[in-house]
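> next comes the sequence, and after it the predicted model I'd like to discuss.
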Amino acid sequence: MLCRRLTVAAGCLACCWWEAQYTAASESSVAFEQQVEEQQGGSSMDLAAMLKAANDQEADTQQEQERQQNTKETEEDTATFEVTPIPTQAAIDTPMEASQVREALHLAREAVVAKMDADGSMSLLLSASGSQMSDEVRRQQEAEELARDTLLLPKGEMKPRNFKCLGWKSTGGCSPFGPRKPVNDFSCTKMVPHGHSGYCEVEDTDTGERFRVMRRYCSSSRWEMSFRCSDASNFVNFHFKAREAADNALTPGFALPNIQNATNEQQRDGIVMVVYPKLIPSAYATIKTLREVLGCRLPIEIWYRKAEMNADPNAMKPLSALAADNETSTMSFHEITDWHASGYGAKVFAIYNSYFERILFLDADNVPSRDPTFLFSSPEFVENGAVFWPDFWHPGRTIFNIHSQSLLWELIDMPFINMFEQESGQLLIDRRRHAEALELVKFYTFHRPSHFDYMKLVHGDKDLFRLAWLKLGAPFHMIKAPPALAGKTINESFCGLTMVQHDAQGEVLFLHRNSHKLLGEPLREEVDYRSRAIARSRKKAEIRTRYRNEGKEIPPWSELDALVQAEETPAPTIEPPEPDGYPDSIVWTHLLSFNSTSKQENYYVKTYNADPEFPKSQNCYGERNVSKSKHFYAQEVADLPFAGLETDLRRFAAETVEIKKA
C-alpha cells in the first residue's frame, strides 16, 4: 500500500493503521494499489495504467447501498461530503518520460469517455456540439489536439519554473482527464466557479512547454470556493517555497526560539494554552481542574494577544489570581507580539515560540480527564516525538472536503493519504526533535497569500501539523481510537456537544467542549443590540426629564449608564437552571462511543438539530436516536471514571465571574 511505504519510511506506523482499518475504497482503488506495489517490485506497470485505475470510480455493492442510505439522511447531515477514495494524486506521482505521460493522459481520457458513454453524458456533450456551427466542431477538435501536448509537470523537480498562464481548460466527465469542453473555458482572470472540472494551462516561459496544473474534479473544492488561473504560478511553486522554509531548520546551529539546554524534566515539559476574553472561564476551569482535581503539576504557559485583552480590562483577573495562588502557581504569561498571529495563527505562534522543549498544547476549552503528565513518558511519544489525535472526519465522510480528489494534494506536492483528519485541540510535540516540521507548519500558517485559506483546502490549523509531518516523512503517532462524544440525552434524543479523545490504550483522556463552552453565567438569548441601544437612549432621556422635574441634579452620563443598566431586564435564559445552582448547564449525561467491532468505514458522525429537546441554534453531533445505531453505543457519564468532572468545571467557571466582579 502507498501509505505503508510512506509511513514505514517515516516511522509513522500509526498512519498505516488507519489505512488498514479504513476499507471504504472502491475495488478499482484496491486494484490500483496492487498495481503500484507490482511496479515497486519491478514490473512494467506504467503511468497510463495508473491513471486509468485512478479514474475508475465504480463503487462496490456495499458502497452503493451506503450511498442510497446517505441520500435518505441528507436532511440530517447536509454538510457532509462523501467521495469514494481514489488515489489520483498517487497515480501521477511516478516520474515518466514525456511520451509516456502523453500516452497515459490519452488512456485516462478514454477511460473517462467510456464512463460518460455508460451514463449517457457523452451523448449529451456530442449532441450539444453537433447542434452548433462547424466552427464550433472545429474548435472542439483543435482543443483536443492542443490537450495532447499539455502534459503533467515532471515529478521530483528541485527548482521552481517561470510560468505564463494560458487560461482555464474545461473538461467533461467531472474529471480533469476527461474530453475537452472549450465552450466552458475561461481566461486567466475569470473566476472558475464550483462544479467545473478541468485544469489551468500554463506555459514555461523558458522552455515553451505547456502543463496542466490546478487539476480539478467537480468535487475537488468546496462549493463556496472559486479561483482564477492567474494564481496558477504561485500555486505550483508553493511547495518549493515550503521546502526552502523547512530547510532553514537544517542549517547548522539552528534552534527554535527559546529552546534551552535544561535537563530538569519540569523545565523541559509543560502545557501551552492560548486565551482570549471569551475563553477565560474555560481556561480558568481547566487549569484549576488540572491542579486541584487531577493533581497535575506541569508548568503552564498562557499566551494572549494584548489587543484582544484590552477589549476587557478585567479579563485576565481570574488567571492572574490563579498564578498568584501557591497551589496553582508555575504559570507564566506571554504576549503574542506578531500581529499576523491572530485566529488559529495564535496557536501556531505559541507552540513555535514556547519556552518548553516538549509541550502539551491544550485548547482552553479542552480538559483532561486525568493527569496528562504520563504522556511525556509514554512509548508513543518517546519513540516518535509527536502524538496527534484524529478528528470526526475522514476521506469518505468529510465536511472539510479533504479526500482523494482535493486540490490540497497537488498544492503540497504529496500523494493522497487515506487517513482520518486531525483534531488539534491537543498536541504533544518534542520541539527540539521536530524543529523542521514546526518550521514547515509555521510557513503553512503565515505564508501569504494563503492557498489553504482562500481555496478552503483545510480548516484553520487543524490539519497543518499532520500534513507537515507527512510531507517531511517525520515520525508521529496518531491515536487509533476515533473520537467519542459527550452530550446530553433528553427524551431519548441525544445531542453530542463535546469531542472526547483517548489515550493509546483507548481510554478517555480529553473532553473538548468545542460546541458548548463554559461561560460562568447563564446562557441567554441573543440580544438585539440596536434595539437595546435605542431603548437605553430613551431611558436616559426619561431619567434626565424626571430628575429635572423633581428639581434634582441631573447625573453625569457615566452614572446614567449605570442607572439604566440596573433597571434593564436581562435577556431570557435559553436553558433552565440546574439544581446545583451553577450557571452553566449540564451537558455531559451520556458518552457516545464507536463500537470496536465495527469497521472504520462505518464511523459516521452526523450533524443535526435536535429541536424541540434542544435549542434550534444548537448544532448537535453524533446519533440523535442512539438506540437505532448499529455502530455506536451510549454509556451514562455517572457510571464512568470522570463522573463529577463537569460539576467541578462548572463550579470553577462560575468563580471567574465572581473574581472579575470583586
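Here it is on my side, so go on. Residues are numbered from 1 along each chain as shown.
> residues in contact with stretch 622-641: which ones?
The contact list for stretch 622-641, computed with Cβ atoms under 8 Å, 6 or more residues apart in numbering, reads 76, 369-370, 485-487, 489, 492-496, 508, 588-595, 598, 602-606, 608, 610, 643, 646. Where you see a C-beta, it was placed from the backbone N, CA and C, and this is true even at glycine.
> hmm, try it at 7 Å
Around stretch 622-641, the neighbours that count as contacts under Cβ atoms under 7 Å, 6 or more residues apart in numbering are 485-487, 492-494, 496, 588-595, 598, 602, 605-606, 608, 610, 643.
> go on, stretch 307-327?
Contact partners of stretch 307-327, identified using Cβ under 7 Å, 6+ apart, comprise 276-277, 280, 283-284, 287-288, 291-292, 302, 328-329, 331, 656, 659-660.
> next one: stretch 161-170
Stretch 161-170 has contacts (Cβ under 7 Å, 6+ apart) with 180-182, 184-188, 190, 192, 196, 198-206, 210, 229-230, 232-233, 236.
> give me the buried subset of the contacts of stretch 622-641.
Among these, those buried by neighbour count (16 or more other Cβ atoms under 10 Å) are 485-487, 493-494, 496, 588-594, 602, 605-606, 608, 610.
> which SS state does G167 fall under?
Here G167 is strand, with the state taken from DSSP: H, G, I helix; E, B strand; the rest coil.
> repeat that for Y284.
Three-state call for Y284 (three-state DSSP): helix.
> give me the nearest residue to G195, chain neighbours excluded.
Take G195 and drop its neighbours on the chain: the residue closest to it by Cβ to Cβ, 6 or more residues apart in numbering is C218, 5.3 Å away.
> the closest residue to D185 other than its chain neighbours: neighbour count?
Counting by Cβ to Cβ, 6+ apart, D185 lies nearest to S170, which is 5.4 Å off, once chain neighbours are set aside. Close neighbours of S170, defined as other Cβ atoms under 10 Å, add up to 22.
> hey, C-alpha coordinates of the strand or helix carrying S170 in CSV?
S170 belongs to strand 163-170 when assigned by DSSP states H and E. Extracted C-alpha coordinates of strand 163-170, given in CSV (Å, rounded to 0.1, in the frame of the first residue of the first chain):
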residue,chain,number,x,y,z
PHE,A,163,5.1,30.2,-15.8
LYS,A,164,2.8,32.1,-18.0
CYS,A,165,-0.9,31.5,-17.6
LEU,A,166,-2.8,30.4,-20.7
GLY,A,167,-6.3,30.0,-19.1
TRP,A,168,-8.8,27.5,-17.7
LYS,A,169,-9.4,24.5,-19.9
SER,A,170,-12.7,22.8,-19.2
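> residue ranges with poor pLDDT in the stretch 51-200 of the chain?
51-96, 122-133 (pLDDT under 70).
> sketch out the helices for it, chain order is fine.
61-72, 88-91, 98-119, 121-130, 134-148 (DSSP state H, counting those that start in this stretch).
> about what we covered before: next step: the contacts of stretch 161-170 restricted to strands.
Using DSSP state E, G198, Y199, C200, E201, V202, E203, D204, R210 are the members of these that sit in strands.
> how far away is the residue of the chain positioned farthest from its centre from F361?
Distance from the C-alpha centroid of the chain peaks at G551, with 63.3 Å (Cα atoms, centre = their mean). The gap separating G551 from F361 is 63 Å, by Cβ to Cβ, to the nearest Å.
> G295 reaches D371, doesn't it?
Yes: look at G295 against D371 with Cβ atoms under 7 Å: they come within range, at 5.6 Å.
> who has more neighbours out of these two?
A count of neighbours by other Cβ under 10 Å puts D371 above the other of G295 and D371, at 14 against 10.
> low-confidence stretches in this structure?
The model of the chain has pLDDT under 70 over residues 1-96, 122-133, 261-266, 326-329, 523-529, 558, 563, 566-575.
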